[in-house]
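> Got a predicted structure here, sequence first:
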Amino acid sequence: MADENKQGKSRRQFLEAAGGTAVLGGLYGLTFFQGEGFASPKNIRPAPGSQPGIPDIAVVEGNPTTYGDITEQAVNAVGGISRFVKKGDKVVITPNMGWMRTPDQAATTHPAVIRRLVQMVQQAGASRITLIDYALDDWKLAYQICGARDAVKGTMASLLSPDHPTMYRKVAIQSKVPNKTTDGADYDPRHHYDRIEQMLPRDIIEADCFIVNPVVKDHEAAVITIAMKKLMGCIWNRKDYHRYGLHPCIAELNMYLRPTLIVTDATRALQTRGPKGPGIVTTPNKVLAGTDPVAMDSYCCQFLTVNGVTPDQVPHLIIADSLGRGKVDTSGLNIEEI
Amino acid sequence: MTDIPQEFPVRRSCGGCGSGCSCGSKPKPAEQRVKLAEITSFRKKKPVAEALPAEGVLLATTGTISPSDIGDGPYARFTSEQKRKMREQPGNRSAHNIVRVRRAVQVATFVLFCVLFFLTTATQENSYGINKNLFMLMDFLNTLKNGIASHKIAVYAIGPGLFILLLTMWGGRIFCGWICPLGTAIDISDRFLYRKGKLFYTKKRSDTKRFRNWKYIYLLLGLGALTFGVDILTFGDPISLITRTFTFCIFPPLSYVWNGLLNVADSHYVHGGSLLYSLGYNIDNLRLPTDHYYNGLGVLLIFVGLIGLSGFQERFWCRNLCPYGGLLALISRISWLRHYIKMDGCIHCKKCEFQSRMGCYDNLDKNAKQEAMHSISECIQCFRCETVCPTDVIQIQARVPASIKEALRMAPHGTAPRPEPQTEIDLGKRRVVSALGAGVLWGTVTQSSPSAYQGTIRRYNKNNKAMRPPGALPESQFLAACTRCAECMKVCPTNALQPATFEFGLQGLWTPILVPAIGPCAEKCTSCGDVCPTGDIRPFTWQDKRYKLKMGLASVDQSICVAWNGGRDCIVCAEVCPYSAVVFRDTFDDTLPKDPTLPIDHVDATGKEDNRGRKKRVPTVDERLCTGCGLCEYHCPVMPTHAIVVYTYQEDRNFKEPAEKWDDGFWRGNWDARKDVGKDAQYASTKEELAKHIALDGPSGGNGSSSGAAYNPDPTASQ
């Protein structure tokens, strides 16, 4: 031991102190590290292409007691769940469940539809099922009230509302919307960006299969909210989208994030004051399955009868069609109504 | 006190410091300068050989002591061999055990404090029935303050406060030495920071008594100011201070570093994903909430300052400044647990005097002119003096006081054992009156200044933007009663509650304000009202929040709102509003083009039509429904100044809180149920409304988590 009365530090003490400071400082600096570069949801299996004998969209009508059964029928009509979910897949499902509304208020996907879908995915051999909706309301209460918590009870699925940026990974979404219309005028004066840094939940980044499970609703800003607008429940930075203009951003997000399967819940349709309601509710009693979000939304416009929405009135459908994401005109598609 | 060595040189004139200043006085004789240097240097740099006391001290047996060696001997430096020998001195073995027990209790209570602090979150419900702010409620100075200043006593704070009061009346300042988390924090930091001087104090750290009065004067000054509703005691209130420090300065950096380490462990370098998550482990449950607060630095400086003062005197804060310590000291004059010294066995080694944690002993020198004294009002019952006494003449015992014993004829007059004489509190009539008077003057001046008029200061400061949390008392009472413990800010799940800087004047420093730009007031959250130890934020239910507690009113800035000014499709404020207070209406705007592909002044071939004007949907606020929760402001996409902003217009603080029970301070088991009872029926005017409430949120008493909202989607499915 060094002489206690010696003034100052020895070299050894100095080196120890400096080394300790460096290690602690390095550890502290590491905490700022958030990961480099951009992630991408490249593991998500693309939707299978159209095959003869399998319809593009399957529509099944039922009654309030058979919502689960018609969900299964609709999925079976488009080739069965095993066409989309393989054994060992990590599956992410995004139902509408982020609102504190009861199922009969039609702001959220019906719990019976969610439950049957989760059961089917589980039987298909998924290794992990996550139900994601970035809720605006208090998500614990919302999942309780809309019935989602009870819907997944007894299954392997887990509910998640990614409400913190650490649950996200940065992705780069290229802007594909032309700034100019064909006539030369600005489509949207502020839509002058090339790339938006967006953040997707890391569950979607890791997922092998991505299933969208929307409900048919009116939307006061985006006209309708079905399969395409539903993807805005999976991103972190929604404020930018509202500033830049909703419709081109929705179309670009759909160009980037492509679901494997779309199961649309049209058992009830919120006709006015969407997306949260409460508004006028009708009951078409239908469940749809398909892979093309544009065609799905375009077809589902007929359920919004009170406002009489037609696909022409929905700009993000038109933009997505022009970008080649899908077809607005559903007359040429193979639609099977059961 | 004549024979107490004068430790701190009284500066009468320039004593010839020898530093070469130009005062021109002659340097004093050499030996005097040496003494001054001894006194003023923190660590003595004498050679070891000179610093050694007589060997007799080390062996500590009677008869070989040379008091002159001990009394003036410098105790700063010992070799490790000598320290080992001294540690081996048995002293009083039972007292050693009591010291161990005291340390264990200190550590246990400190751990309990930390655990309860970490459990103070909105989502954490399970604290095994123990009230999360138990330590705040033990601080009955708070209860006293509220009674004086805001004319309101938190009933549930009476139980723990009464417990500490009785404990003090029996055993003196046991709270300070055994329970107080601030005292334990000081002791722990002492052990690490001032380790070299730990066992063998320099005289300087032990026996200065000149600052003792400050705590009484601070207490009296504060009580005087309290009569006019000005609370200055809260800045020194120990539990408030340490809770505040934990909230602002300990927890946020800790959670930041902890979450950062988790990020490092979870990083996936290949494609930016999560390593552990892709392997099937979810470590999100390990994350701590990341909170950020204004004004953390001032709180940190106070805490660091009072830790640093311990280098000057051990527990400088507790013996000289703490107002709660002062209050307990006054009460402890009648306590039963006293120190009995058999002076005939005393060897005048003065170990107790030097090593007493609070410097309680006087006149233990052999040549003292007065009786040896121990002041119970300073003693925190740490039992160290009994431990270090080499001849075991100090005994700390709880006995029936001699006067009572003799009055009850339990002992003949003059025979009951008496504790050693007390040092009187040096607090004469004149000081009491002048301290109280100065406090009253402080209070009156503060309250009569124009800025203190209720609401005025907010009208001029910060553009009427500073909101109080829901359930806050009326402003004058709120300022008087708030103890700035920051528990409401710790518990707030959205980090919306922030310490005020000067939005409410100097008086309002560190009081909670609601900042919706940082976080909204969540609809069903009632945590701040549940946790407030003073009742300053009254306990409320979420129904109260919806119907009665109006914090402010949202207001749309039409010049920057993207819907008003740009004609864009944005309905975020209406989407998020849980009270449906933001209503969208159609309006006509002739500055927007009908056809976006054509210029706005386009005239068609006939010259009649232009491209001017189309409908747009714009937000307006229904003032009857808006409560000022700020969800719209938080979610508004216009950045950084939001287009919909909550101001304190129409603030309503006339609210009668639910009844409390005195034992809620210990156990708040049925707190929620009792708070919520009957609220649904109270606020629903019709049966349909009541049924709607229950369908939406469940019957009252469950915070929406009861079975009313449960929906079985698939009753036939086997689970």
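Looks like it came in fine.
> low-scoring stretches of the stretch 51-200 of chain A, by residue?
Counting by pLDDT under 70, the stretch 51-200 of chain A has low-confidence residues at A:176-196.
> switch the cut-off to 80
A:138, A:140-141, A:164-166, A:174-197 (pLDDT under 80).
> which bits of it sit near chain B?
A:68, A:100, A:102-103, A:110-112, A:114-116, A:119, A:128, A:136-138, A:141, A:144-145, A:147, A:150-151, A:153-154, A:164, A:166-167, A:169-170, A:181, A:183, A:185-188, A:190 (CB under 8 Å from any CB of the partner chain). Glycine gets a C-beta too; all of them are placed from N, C-alpha and C.
> Among these, which ones are in strands?
Using DSSP state E, A:R128, A:R169, A:K170 are the members of those that sit in strands.
> Hmm, the last one is touching A:M199, no?
The one in question is A:K170. Yes. Contact criterion CB atoms under 8 Å: A:K170 and A:M199 qualify, at 5.6 Å.
> circling back to that earlier point, so can I have CSV of the ones in strands among the residues of the stretch 51-200 of chain A next to chain B showing neighbour count and distance to B:T168?
Below are these laid out as CSV (neighbours: other CB atoms under 10 Å in any protein chain shown; distance: CB to CB, whole Å):
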residue, neighbour count, distance to B:T168
A:R128, 17, 58
A:R169, 27, 57
A:K170, 20, 58
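> with those residues in mind, which one is nearest to chain B?
A:R169 (5.2 Å; CB to the nearest CB).
> Excluding sequence neighbours, find me the nearest residue to the closest one.
Counting by CB to CB, 6 or more residues apart in numbering or on different chains, A:R169 lies nearest to A:A39, which is 4.0 Å off, once chain neighbours are set aside.
> Drop anything exposed from the residues of the stretch 51-200 of chain A next to chain B.
Burial by neighbour count, 16 or more other CB atoms under 10 Å in any protein chain shown: within these this picks out A:68, A:100, A:102-103, A:110-112, A:114-116, A:119, A:128, A:136-138, A:141, A:144-145, A:147, A:150-151, A:166-167, A:169-170, A:187-188.
> Select from the residues you listed every entry located in helices.
Judged by DSSP state H, those include A:G68, A:P111, A:A112, A:I114, A:R115, A:R116, A:Q119, A:L141, A:Q144, A:I145, A:D150, A:A151 as members of helices.
> Any chance of these in JSON lines with distance to B:V556 as columns?
JSON lines is the format used below for these (distance: CB to CB, whole Å):
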{"residue": "A:G68", "distance to B:V556": "44"}
{"residue": "A:P111", "distance to B:V556": "36"}
{"residue": "A:A112", "distance to B:V556": "40"}
{"residue": "A:I114", "distance to B:V556": "37"}
{"residue": "A:R115", "distance to B:V556": "41"}
{"residue": "A:R116", "distance to B:V556": "43"}
{"residue": "A:Q119", "distance to B:V556": "46"}
{"residue": "A:L141", "distance to B:V556": "27"}
{"residue": "A:Q144", "distance to B:V556": "32"}
{"residue": "A:I145", "distance to B:V556": "29"}
{"residue": "A:D150", "distance to B:V556": "39"}
{"residue": "A:A151", "distance to B:V556": "38"}
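> Excluding chain neighbours, what is closest to A:S298?
A:P311 is the one closest to A:S298 (CB to CB, 6+ apart), at 4.2 Å.
> how about that neighbour, what does it touch?
Residues counted as contacts of A:P311 (CB atoms under 8 Å, 6 or more residues apart in numbering or on different chains) are A:D297, A:S298, A:C301, A:L317, A:I318, A:V328.
> And whatever residue of the stretch 51-200 of chain A ends up closest to chain B, how far from A:W99?
Of all residues in the stretch 51-200 of chain A, A:P111 sits closest to chain B, at 3.3 Å by CB to the nearest CB. Separation of A:P111 from A:W99 (CB to CB, to the nearest Å) stands at 13 Å.
> For the two, list the residues in contact with both.
Contacts common to A:P111 and A:W99, judged by CB under 8 Å, 6+ apart, are A:C146.
> Going along the chain, name the helices of the stretch 201-350 of chain B.
B:203-206, B:213-226, B:238-245, B:251-266, B:275-278, B:296-308, B:316, B:323-331 (DSSP state H, counting those that start in this stretch).
> same thing with chain A?
Going by DSSP H, chain A shows helices at A:11-30, A:67-77, A:111-123, A:139-145, A:148-151, A:202-206, A:227-230, A:238-244, A:246-256, A:293-300, A:315-323.
> Alpha carbons of the third one, in PDB - could you do that?
As requested, the backbone C-alpha atoms of helix A:111-123 are provided in PDB (Å, rounded to 0.1, in the frame of the first residue of the first chain):
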ATOM      1  CA  PRO A 111     -63.900  -9.900 -31.400                       C
ATOM      2  CA  ALA A 112     -65.400 -13.000 -32.900                       C
ATOM      3  CA  VAL A 113     -63.600 -12.300 -36.200                       C
ATOM      4  CA  ILE A 114     -60.300 -11.700 -34.400                       C
ATOM      5  CA  ARG A 115     -60.700 -14.800 -32.300                       C
ATOM      6  CA  ARG A 116     -61.400 -17.100 -35.300                       C
ATOM      7  CA  LEU A 117     -58.600 -15.600 -37.300                       C
ATOM      8  CA  VAL A 118     -56.100 -16.100 -34.400                       C
ATOM      9  CA  GLN A 119     -57.300 -19.700 -33.900                       C
ATOM     10  CA  MET A 120     -56.800 -20.400 -37.600                       C
ATOM     11  CA  VAL A 121     -53.300 -18.900 -37.700                       C
ATOM     12  CA  GLN A 122     -52.400 -20.900 -34.600                       C
ATOM     13  CA  GLN A 123     -53.600 -24.100 -36.100                       C
END
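> Quick check: the residue of the stretch 51-200 of chain A closest to chain B vs A:D104, distance?
Per CB to CB, A:P111 is found 11 Å from A:D104.
> Tell me who's in contact with residue 97.
The chain I'm using is chain A. Contacts of A:M97 by CB under 8 Å, 6+ apart are A:T108, A:T109, A:I114, A:L131, A:D133, A:A135, A:A142, A:Y143, A:C146, A:A148, A:L159.
> what's the closest non-adjacent residue to B:R319?
In this structure, B:R319 finds its nearest non-sequential neighbour in B:M358, 4.8 Å apart by CB to CB, 6+ apart.
> List phi and psi for the one you found.
phi -110, psi 0 (degrees, to the nearest 10).
> same question, B:T184
Dihedral angles (degrees, to the nearest 10) for B:T184: phi -70, psi -40.
> Check what pLDDT it gets.
Looking at B:T184, its pLDDT is 94.
> Any figure for the gap between the residue lying closest to it once chain neighbours are set aside and chain A?
Residue nearest to B:T184 in three dimensions, not counting chain neighbours: B:F110, with 4.3 Å by CB to CB, 6+ apart. Per CB to the nearest CB, to the nearest Å, B:F110 is found 24 Å from chain A.
> model confidence over the helix or strand where B:F110 lies, on average?
Using DSSP states H and E, B:F110 falls within helix B:93-119. Averaging pLDDT along helix B:93-119 gives 89.
> now for it, which elements pack on it?
Applying 3 or more CB pairs under 8 Å, 6 or more residues apart in numbering or on different chains; DSSP states H and E, one finds that helix B:93-119 contacts helix B:134-138, helix B:181-193, helix B:384-388.
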